[in-house]
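# starting from these lines, generate the structure:
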Amino acid sequence: MVQTTCDTSGGTLHWDWTEAFAKFGFGDGDGQVETWQVEAVLAEVGYEVTVEEWGAHNTVITSISKDGVELIPYANPSYRFGYDNPRAYFPAELVTLLDEKLPQTEGAEFLW
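The predicted structure is shown next:
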C-alpha cells in the first residue's frame, strides 16, 4: 500500500504514483507531495529522471529515459502531459514496475 505519514497531522496519507505526473496531483500541489518516492523507485533500477516544479501546482516528473530513449510519450498527439492518466500511455514495463513498487491503496480515491 502506498501510505505515508502526513508531515502535518501525523496521520496516514494515501496516494498513487500517477500523482507524480499530474498537474492536480497531491492536492494540486497543496498537499504533501511524494514525487520524490516515484523518482527514487525509477532511479533505483537505472532510469534517468527529471523532476520539475510546475508553477504553483505540483512537483512532477517531466522526463523518464533509459539508454537515451524518452519514455513519456510526448510524441503521441493524443497524450496531454499532466492531464492524462499515465497508466494508459506509459510503456507496460514502466507501469508494472511502479504498480509493484508503489501499489495502490485499497479503497483510496485517486484522480483517474
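
# where does the prediction get shaky in this protein?
Along the chain, the parts satisfying pLDDT under 70 run over 1, 105-112.

# ok, which stretches of it are helices?
All helices of the chain, identified by DSSP state H, fall at 25-28, 35-44, 92-101.

# buried sites along the first one?
By neighbour count, with 16 or more other Cβ atoms under 10 Å as the criterion, the buried positions of helix 25-28 are 25-26. C-beta here means a position set from N, CA and C on the backbone, and glycine is covered the same way.

# going forward, count from 121.
New numbering, starting at 121: the last item is helix 145-148.

# which residue lies nearest the spatial centre of this structure?
Ala140 (2.6 Å; Cα atoms, centre = their mean).

# do you know how far that one is from Pro197?
Ala140 is 23 Å from Pro197, where distance means Cβ to Cβ, to the nearest Å.

# ditto for Thr124
From Thr124 over to Pro197 (counting by Cβ to Cβ), the distance is 35 Å.

# those two: who's more crowded?
Thr124 (12 against 7; other Cβ atoms under 10 Å).

# surely the more buried one is in contact with Trp135?
Yes. Counting by Cβ atoms under 8 Å, Thr124 does reach Trp135; the two are 6.7 Å apart.

# tell me, how many residues neighbour the spatially closest residue to Arg207 that is not a sequence neighbour?
Nearest non-adjacent residue to Arg207, counting by Cβ to Cβ, 6 or more residues apart in numbering: Val215, 5.4 Å away. Using other Cβ under 10 Å, Val215 has 16 neighbouring residues.

# what's the answer for the one 3 residues further on, then?
Close neighbours of Leu218, defined as other Cβ under 10 Å, add up to 21.

# likewise for Trp174?
Look at Trp174: counted by other Cβ under 10 Å, it has 16 neighbours.
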